[in-house]
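Visitor: structure, please.
(chains A and B)
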Amino acid sequence: MKTAPRIAITGCGAVCGAGLTVEAIWDAIVSGRSAIRPIQSWDASRWPARMAAEVVGVDNRTLVEDRKLHKTISRTDLFGLYAAGSAIQASGITAYRETLSAEAVAHFNDRCGVFAGSGGGNYRSNYEFFPLLTAANGDLQKFGRELGETVNPMWLLRILPNNVLCHVGIRHGFKGTNACITNQCMGGIMAVAEAAAALRAGEADRAVAVGHDTPFEPETLFYYHRLGLMSPDTVRPFDRGRSGTVFGEGAAAVTLEGMADAQGRQATIWGEFLGSGCTTEATGIVDLRGDGDGLSRAIQLALGDAGISTAEVGLIVAHGNGTLGSDVSEARAIRRVFGDDLPPVTAFKWAVGHLIAASGVLDLVLALMALKQGVVPGIATLNSLDPEIAPFTVAHTAQPPRSDIALILCRGFGGMNVAVLIRGTSPAATA
Amino acid sequence: MSPRRRVAITGIGLVTPVGNDAPTTWANLLAGRSGVAHIRGFDASGFPSRIGGEVKDFDATAMIPDRKLLKFASRANRFALAAAEEALRDAGIRPAPATGHRWGFSAGAGMMGMTFDEVELVHTYCGTNGEFNPDGFLDNHFPADPVAFCRSQTNSGLAVLTRHFGIQGYATAVHTACASGGQALGTALKVMRRRQADFVLAGGYDSMLNPIGLSAFCLLGALSTDNETPERASRPFDATRNGFVLAEGAGFLVLEDWEAARNRGAHIYAELAGDGNSLSSYRITDSHPSGDGPIQAMRQALADAGLKPEDVDYVNAHGTSTLMNDRSECAALRAVMGSHIEKLAVSSTKSCMGHLIAAAGAVEAAVCALAIRDGIAPVSANHVRPDPDCNVNLVREQSKPMPIRAALSNSLGFGGSNSSLAFRHPEAVVNP
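Guide: Predicted coordinates:
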């Protein structure tokens, strides 16, 4: 019986407040530059939590050239299409497709999957009904009668959570197995895990996985602040002075294919997907367990899936969202699995903010960079480790990874936890 | 690698426009009774389409006597809780503290978070002049309701259900418009085969029957405007069809390992035998006239289940009653089934229920399992004038008793995600 094929990562793409390429975002992080600053997209000067890692000064046409599309999809979709397009371009799979016969192209497209993790949570789109609500003045009959004169007839299409999935398919011609995961913070990272699972099971030969989100609209920010989750200034993962999280926006994507196929077409291999684990703590919408039970189970499942031991893990990219409850339970979960033998741990939200549905896949792409460069970046906002978390192998300054394997952790509403293991292509691999 | 795991359906729960539980829903579908009527939940009298498939006289506390939990559940999530509870009771097994980590959850969840009341509230404080002013939220009198915000989160249904039932394993929520429920079942099947869970509570839930949801589809011109004859408005494959009918509800199935189910003496409705999943990559709202996209999904589902076209006796079509979907789906069926199309019974139960959007695929998967159990293909109601472009063998006028060895359920979404699920009769399962 044949064993599951190895899964290569052959392309990456990302956009967030820290840059428009994976390399630019990486440079910002290793230079200690945070993209978190006061919100510019609306006047938030009176708001208690008014910081975000916004994508500023980027023309929509830089993200997606087709201007017709700008009217029919949302900002989050532009980010998703951009990152997915970058990952596809970097992988060279569409250039490879051009070398195939027409029949082989049809087969290629039918065997190329698309997996998206979408933020949803679109509150602002509902405000497009405000002029109609004002005109109707509480009269629903009038609301119904005047609907067609006031609201954009294509309103629904712009808010479809699966827009990136469909438009990646349409733009690139991919027609294979697919999913759009709307599991809040888990969306992007689960898109990667599901894409890899589809390749392993032989349901597709290649796949692009993308997570995208624009979480910091006013209503979301207002209620996250009410729930005690937002920092007034910045994200300080694992620091004793941490005060909550800060939103970011953007997208990240990877292209996956069978290792043999990737090697066969001499693709640049960024890394290898090794395994994943997914759990929920069954704690409801915002609560989480203090002991990190769900996260430690997710890590153990990922290790089992990858068939590796804790000692082989070279670095951990923690979720590290800077909230009081999540960071402490995350550190407990990591220690419970790794004991005293902890690899270097880092987190990136201090630089890029919390991209919710895009956060996990952005962390994964940056973990590949960390392995490639042989650097576990420091957490620039970490000044004094929370004594409740100590001892813990996070640092203000850079550390070397202890192998070419990274563990990426992602947590979210619903008591959700996902852990993913990847192998990189570090020149300094296996210390 | 161990041999591929066989997956049994052992529990079903439904909350639909034709019944607030599975037996009532099934009886009404077999009788061809419509659940479509004038919308009662709000004043829809000014809308171009004023009809819908509402869930009627629903009381969540009857199934879930936990008022605190229900505060955190939206209307759709309450349907989900009730349907899931019914499915677990039906299966005779549920997560326990020692087994919760081996239970998974996979659901098609709707796209609408905010209720109309919440939109009106934000309008009152942040937009009475028609323009959105964010600082309205900072008004001291703004009646902030963090519980309502929690209800509006994309995975709030997942959060509420996993908490209530104690599910601690793999959990996911998906949304591919009208294909969501089917894709959630397909994901659940894969999670079982990958052995990431030994049981999965899988289904879908949605409610867009509110002024904004109704507006969204009215604006696209996708809904039937047969406001004077609501019970006949949804008429898939009929030559006079003129759009779909928006509906709401939930469906859940309990999936478990075939051998384990047999060993504990569970009743097995059917095997969830195969999943096919494709993208049309054509246009956002249009289906390819040739059936390209759904063709690949159906072929994959058959291949995945180890079925040939001639093994399939019944197809529960997506059959929305829109001009384009029905034509494209029939073209796909003809392409996949070849000459077997003459012998194959096809129906769309949307003819009675309307379109449950993200819940549709899950409810219709349950319909396939019930059809297999009872050996009866439910009627495709309201089919009077055949459309030559929809030339399939519809179950017309009344439900048709017939042995069903295998069935397919199609769910084809806006944006071009296509899901096809294959089901096999328990007695047609040949054990290795």
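
Visitor: which residues of the stretch 1-150 of chain A lie near chain B?
Guide: Residues of the stretch 1-150 of chain A found near chain B (CB under 8 Å from any CB of the partner chain) are A:1-4, A:42-44, A:46-47, A:72, A:109-110, A:114, A:118-124, A:126-127, A:129-131, A:133-135, A:140-148. Where you see a C-beta, it was placed from the backbone N, CA and C, and this is true even at glycine.

Visitor: domains for chain B, by residue range?
Guide: Each domain of chain B is listed here as a residue range: B:7-113+B:153-428, B:116-150, per automatic domain parsing.

Visitor: now swap in chain A and tell me
Guide: What automatic domain parsing lists as the domains of chain A is A:7-120+A:161-424, A:124-157.

Visitor: now residue 418: which helix or strand?
Guide: Because you didn't say which chain, this covers chain A. Here A:Val418 sits within strand A:416-424, counting by DSSP states H and E.

Visitor: please go with chain B instead
Guide: Here B:Asn418, judged by DSSP H and E, is contained in strand B:417-424.

Visitor: got the contact list for B:Thr285?
Guide: The neighbourhood of B:Thr285, defined by CB atoms under 8 Å, 6 or more residues apart in numbering or on different chains, consists of A:Leu157, B:Leu220, B:Ala222, B:Phe414.

Visitor: now it. Its backbone dihedrals?
Guide: phi -110, psi -10 (degrees, to the nearest 10).

Visitor: check what pLDDT it gets.
Guide: In this prediction, B:Thr285 carries a pLDDT score of 82.

Visitor: equivalent analysis for B:Gly415, please.
Guide: As predicted, B:Gly415 sits at a pLDDT of 88.

Visitor: quick check: most distant residue from the centroid of chain B.
Guide: B:Asn140 (42.1 Å; CA atoms, centre = their mean).

Visitor: helix, strand or coil for that residue?
Guide: Three-state assignment for B:Asn140 (DSSP: H, G, I helix; E, B strand; the rest coil): coil.

Visitor: look up phi and psi at it.
Guide: Dihedral angles for B:Asn140 - degrees, to the nearest 10 - are phi -60, psi -20.

Visitor: which is the succeeding secondary structure element to the helix or strand harbouring A:Gly188?
Guide: Using DSSP H and E, A:Gly188 sits in helix A:187-200. The helix or strand immediately downstream of helix A:187-200 is strand A:206-213, counting by DSSP H and E.

Visitor: now that next one against helix A:187-200, angle please.
Guide: Per axes from the mean of the first three to the mean of the last three CA atoms, to 10 degrees, the angle that strand A:206-213 makes with helix A:187-200 is 170 degrees.

Visitor: so which residue is dead centre in the chain?
Guide: By default, I'm working from chain A. When CA atoms, centre = their mean is applied to chain A, the residue found nearest the centroid is A:Ala358 (2.6 Å).

Visitor: can you look at chain B instead?
Guide: Most central in chain B (CA atoms, centre = their mean) works out to B:Ala360, at 2.1 Å.

Visitor: so who does it touch?
Guide: B:Cys178, B:Ser180, B:Gly181, B:Gly182, B:Gly204, B:Asp206, B:His318, B:Lys350, B:Ser411.

Visitor: tell me how far it lies from B:Leu255.
Guide: 19 Å (CB to CB, to the nearest Å).

Visitor: what do you get for A:Asn163?
Guide: A:Asn163 is 30 Å from B:Leu255, by CB to CB.

Visitor: A:Ser384 too?
Guide: 49 Å.

Visitor: which one's more surrounded, the two?
Guide: B:Leu255 (27 against 12; other CB atoms under 10 Å in any protein chain shown).

Visitor: who does that one bridge with?
Guide: Counting by DSSP bridges, B:Leu255 forms beta bridges with B:Ile9, B:Val200.

Visitor: surely B:Phe237 is in contact with B:Gly319?
Guide: Yes. In this structure B:Phe237 lies within contact range of B:Gly319 using CB atoms under 8 Å: 6.3 Å.

Visitor: who touches both of these two?
Guide: Contacts common to B:Phe237 and B:Gly319, judged by CB under 8 Å, 6+ apart, are B:Asp326, B:Ser348, B:Ser380.
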